[in-house]
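K.L.:
Could you look at this predicted model? Sequence included:
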Amino acid sequence: MSLASSAGNLFFVYQFIKKLVTPFDKTKAFELGIIDAKGKILKKRSQLRTPEEKEAYTLTDTLIFNLKKVLSKVPGGSTKFGTFTAALFLMKEHQKDARLYYDKTYLEEQFALFTQECKHNKEEVRTLIEEVEKLDEDGLAAGGGAIAGIGVNNPNISGQSEPGVMPKKKRKNFAGAAVFKVSPEIYMRARFGKKRYAKYENYVGNDETGEEIRQYGRLNPGKAIVLQDELTGGMIYLKYGKKS
């Protein structure tokens, strides 16, 4: 099944692209003094103290920032095809290989290989471009912006959120378990499941979603909890429920 077959995936491709084309000096991480105007890290993740700082520089941001640097060195990296190739790479590869997050040389090598594959078989990238542009035409993310055809038409109209803001949805269930959408970094942190008696915040953090999961777990000790990666749609059990 093509990645472009899901509207949810398309929305997150759109988010990826917005981050990829945003200059370093226009990011929240720059504003907070975490990176400089060229993307150089000024504060290590271990030095981040406030929730605002941690939200501005997540593991996913590290990967995207590094990939931005790679794109600047690749011929055609700033073209629409190059940008969508990078988004496709992030969607497909970021969960499979943790080394991509901390080894910039390895990231560059793997992206170069992926780019060559896409050049030999351009159909999926072209389909992705067409589907995202169609998404714009349908009014989910239409208007101007750094990338032609991608932006916000009217953020005050229901269903047309600002870039990077996913419309709130009711929580769904999977096999009788509550499903919580989380960021890729939280998904990876919790991929082996929660150990008994361990604190929830060690796995899901203490932001709004993390607190919601913690409260649900405390009020429903015998029920299962499933986490869903908001970027790929993949699901894992944070906690298995008690067998009836």
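P.N.:
Yep, that arrived. Numbers count the residues shown, from 1 in each chain.
K.L.:
So, low pLDDT: which residues of the chain?
P.N.:
1-13, 93-96, 132-171, 231-232, 243-244 (pLDDT under 70).
K.L.:
Helices of that one, start to end?
P.N.:
7-21, 28-31, 51-56, 59-73, 80-93, 104-120, 123-137, 184-189, 201-204, 208-219 (DSSP state H).
K.L.:
what's the closest of these to Leu227?
P.N.:
Taking Cβ to Cβ, helix 184-189 is the member of the helices of the chain nearest to Leu227, at 5.8 Å. In short, each C-beta sits where N, CA and C put it, glycine included.
K.L.:
Can you redo the helices of the chain as CSV, where the extra columns are distance to Ala175?
P.N.:
Formatted as CSV, these follow (distance: least, Cβ to Cβ, whole Å):
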stretch, distance to Ala175
helix 7-21, 20
helix 28-31, 37
helix 51-56, 31
helix 59-73, 27
helix 80-93, 25
helix 104-120, 34
helix 123-137, 29
helix 184-189, 18
helix 201-204, 20
helix 208-219, 16
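K.L.:
Looking at the ones you listed, spot the one closest to Gly234.
P.N.:
helix 184-189 (7.1 Å).
K.L.:
Pop the domain breakdown of the chain in here.
P.N.:
Described in terms of automatic domain parsing, the domain architecture of the chain consists of the residue ranges 3-137, 173-239.
K.L.:
burial of Phe24, as a residue count?
P.N.:
16 (other Cβ atoms under 10 Å).
K.L.:
Please report the distance of it from Leu42.
P.N.:
With distances taken as Cβ to Cβ, to the nearest Å, Phe24 is found 11 Å from Leu42.
K.L.:
Likewise for Val21?
P.N.:
Val21 is 22 Å from Leu42, by Cβ to Cβ.
K.L.:
Also Gly176?
P.N.:
For Gly176, the distance to Leu42 - Cβ to Cβ - is 47 Å.
K.L.:
now swap in Val182 and tell me
P.N.:
From Val182 to Leu42 the distance is 27 Å (Cβ to Cβ).
K.L.:
quick one, which of the two is more surrounded?
P.N.:
Val182 (25 against 12).
K.L.:
who's in contact with that one?
P.N.:
Ala190, Val204, Thr209, Leu227, Gln228, Asp229, Glu230 (Cβ atoms under 8 Å, 6 or more residues apart in numbering).
K.L.:
Narrow the residues you listed to those that are buried.
P.N.:
Applying 16 or more other Cβ atoms under 10 Å to those, the neighbour count classes Ala190, Val204, Thr209, Leu227, Gln228, Asp229, Glu230 as buried.
K.L.:
which of the residues you listed lies closest to Thr115?
P.N.:
Nearest member of those to Thr115, counting by Cβ to Cβ, is Asp229, at 23.8 Å.
K.L.:
can you count the residues close to Met188?
P.N.:
The burial count for Met188: 18, using other Cβ under 10 Å.
K.L.:
An error on my part: the question was meant for Asn121.
P.N.:
10.
K.L.:
excluding its backbone neighbours, what's nearest Gly76?
P.N.:
In space, and not counting its chain neighbours, Gly76 is closest to Gly82: 4.8 Å by Cβ to Cβ, 6 or more residues apart in numbering.
K.L.:
The one you found is in contact with Lys73, isn't it?
P.N.:
No: in this structure, Gly82 is not within contact of Lys73 by Cβ atoms under 8 Å, at 11.3 Å.
K.L.:
The closest residue to Lys122 other than its chain neighbours: what's it in contact with?
P.N.:
Excluding the flanking residues, the one nearest Lys122 by Cβ to Cβ, 6+ apart is Phe81, at 7.6 Å. For Phe81, the contacting residues are Lys122, Val125, Ile129, by Cβ under 8 Å, 6+ apart.
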